[in-house]
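Participant: I need the structure of the sequence given here:
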Amino acid sequence: MNKRGISPLIATVLLVAFVITLAVLVFTWWDQVVKERAAKVGAESESQISCSLQIDFQVKDICFDAVTKFISFSVENDGDAPLHGFKVRIEGEDSSGEKVSGVSSISEDVEEGSAKKTAVAYDSSIITSIDSLEIIPVIRAKGVEAVCIEKSVIVKSVAVC
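Facilitator: Here you go, the predicted model:
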């Protein structure tokens, strides 16, 4: 019987080629992961910088209508960037006196240097009395939406319309 295997030289060459191929695949994959992560972090950082430096707005004429179940207010954008909406945190009490809160979104744009009257619906079956509102601006930088919590406006008393 004459058995033959591959020579040690060919086995070594195949093993080295396999390791190099595997290393190239891993490095290519890792490079892509790092680039994607860096782009995402860069966009998030730019959004936060825009929040800090370019956002300035005023909220006026805030009132709620228990019949239509809307809270309305005017927004004046005094900043250097357009606002692409708002998150509104409504805090109050339910019918049993327990503290409850809810968050609603408004996706209306307010360009820099302009004002807009807007409204947000709330569920009066859950929140029977409104204690406070927190109005948080939303911006878009490099296609990434950012909620600017540090620029939120808190309103402690909300009048009836």
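
Participant: now the strands for this protein?
Facilitator: With strands called from DSSP state E, the chain shows them at 57-65, 70-77, 86-93, 99-106, 115-121, 129-141, 144-147, 153-155, 159-160.

Participant: so which of these is nearest residue 38?
Facilitator: strand 144-147 (13.5 Å; CB to CB). The C-beta positions use only the backbone N, C-alpha and C, and glycine is treated the same way.

Participant: surely residue 115 touches residue 78?
Facilitator: No: with contact taken as CB atoms under 8 Å, residue 115 and residue 78 are classed as non-touching, separated by 9.4 Å.

Participant: hmm, back to that, in TSV, list the strands of the chain along with mean neighbour count, distance to residue 34 and mean pLDDT.
Facilitator: Converted to TSV, the strands of the chain look like this (neighbours: other CB atoms under 10 Å; distance: least, CB to CB, whole Å; pLDDT from 0 to 100):
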stretch	mean neighbour count	distance to residue 34	mean pLDDT
strand 57-65	15	37	89
strand 70-77	18	37	92
strand 86-93	19	32	90
strand 99-106	14	33	88
strand 115-121	16	41	91
strand 129-141	19	22	88
strand 144-147	16	18	82
strand 153-155	15	38	91
strand 159-160	9	53	83
